[in-house]
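In: Sequence first, predicted coordinates after that:
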Amino acid sequence: MIIAGILDTFGGAIEFIFQRRPSDAGTVEVGGLGEIVNLAGNHFAVSFLAIVISIAVSVPIGLWLGHLGRAELLAVGVANVGRAVPALAIIGFCVAFLGTGFRNLAFALTLLAIPPILTNTYVGMRQVDPELVDAARGQGLSGFQIVRQVEWPLALPTIFGGIRISVVTVLATAIIAPAAGLDSLGTPIFSEEIYGDEGVLGAAIVVALLTLVTDAGFAFVQRLVTPKGLKVVAREKRRPRLMPTSIRRVQHP
C-alpha cells in the first residue's frame, strides 16, 4: 500500500508538470507546462545572473591573490563565512535592508555563490608547481603572461569545481525566491495548500532536473577548456597499474 501510494503521488506530480488542474483550494487552476516553464524561467534567470556576477567578481580576485601567494587567511575566511551563514539568513538580510525583487534576490544569491568560487580559484592557483612558474619567469614572461599561459590553465579544473558547487547551491537556494517577492519553482513548494502534494513534488522534480542539466553543462565546458595534458594525466591516474612481470613471477611461481 505504501509503495502504491508513493507511485500514485509520483504519477500525480508528473501529471502536474504537463497538465493544468484545479487547485486544492478550488479557486484557480494550477500546474501545466506553461506555468512550470514560466516559474523555471524565473528560477534559472535569477540563478544564472547570480552565477555570472559571482564568477566575474571572484575569479579575477582569486587569480590575483593566488598568483601573489597572499591573503590566504582571506580566502579561507570567505570560505568559512560562506559555510557558516545560512542561505536563508543572507536572503532575509538583503530583503530586510534592500527590499524585495529580482535584482535584490540576485544580489543575495551572488553573495552565496562567491565563497566557493573565490576559494577554489585561490587554491587552484596555489597548487600549480612553483618550478613551472619559475621556469616561465626565467623565460622572460611577465606576471600577467604567467597567469594566462601557465597558472590559469592548470588551475581550471579546481576553479570549475568551485563554480559547479556554486551552481548547485544557488539553484537549490532559489527555491526560497517567493520570500523575496519573486515567483520561482519554490512557489508550489511553499504553497502546498494551493498546489497540493503533487505540485510540491512536481516542482521539486523540475528543480532537480534543472540543477543536473546546468551542472552537466558546466562539466561539458570544463572538459572543453581543460588542457589536453591535464586530461592525459587524469586518465593515467585512473588507469589500473599492473605489477611488473618479475614481481608477478615471484608471487606466482
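Out: Perfect, thanks for sending it.
In: How far off centre is whichever strand or helix holds Val52?
Out: In this assignment (DSSP states H and E), Val52 forms part of helix 33-68. Its chain's average C-alpha position is 9 Å from that of helix 33-68, according to C-alpha atoms, centre = their mean, to the nearest Å.
In: What helices and strands are in contact with that helix?
Out: Applying 3 or more C-beta pairs under 8 Å, 6 or more residues apart in numbering; DSSP states H and E, we find helix 33-68 packed against helix 2-18, helix 72-84, helix 102-126, helix 152-173, helix 186-190, helix 192-225. C-betas here are computed from N, CA, C, even on glycine.
In: pLDDT weak spots in the stretch 51-200 of the chain?
Out: Applying pLDDT under 70 to the stretch 51-200 of the chain picks out residues 71-72, 75-76, 78-87.
In: ok, the residue most central in space within the chain - contacts?
Out: Taking C-alpha atoms, centre = their mean, the centroid of the chain lies closest to Val167, which sits 1.8 Å from it. Contact analysis of Val167 by C-beta atoms under 8 Å, 6 or more residues apart in numbering lists Ser47, Ile51, Ala113, Thr211, Thr214, Asp215, Phe218.
In: gap between the first one and Thr214?
Out: Read it as Ser47. 8 Å (C-beta to C-beta, to the nearest Å).
In: ok, the two, which is more surrounded?
Out: Applying other C-beta atoms under 10 Å to Ser47 and Thr214 shows that Ser47 carries more neighbours, namely 27 against 19.
In: Next, the contact list for the more buried one, please.
Out: So Ser47 contacts Leu109, Val167, Val170, Leu171, Ala174 (C-beta under 8 Å, 6+ apart).
In: could you redo the last one with a cut-off of 10 Å?
Out: Remark: with contacts taken as C-beta atoms under 10 Å, 6 or more residues apart in numbering, Ser47 is in contact with 105-106, 109, 113, 166-167, 169-174, 177, 184, 210-211, 214.
In: Same question for Leu39.
Out: Applying C-beta under 10 Å, 6+ apart, the residues contacting Leu39 are Ala177, Pro178, Asp183, Ser184, Leu185, Gly186, Thr187, Pro188, Ala203, Val206, Val207.
In: what sits in contact with each of Ser47 and Thr214?
Out: Contacts common to Ser47 and Thr214, judged by C-beta under 10 Å, 6+ apart, are Val167, Val170, Leu171.
In: wait, which of these is closest to Ala89?
Out: Ala89 lies nearest to Val170 out of the shared contacts of Ser47 and Thr214, by C-beta to C-beta, at 15.5 Å.
In: Confirm for me that that closest one is in contact with Ala113.
Out: Yes. Val170 lies in contact with Ala113 (C-beta atoms under 10 Å); the separation is 5.1 Å.
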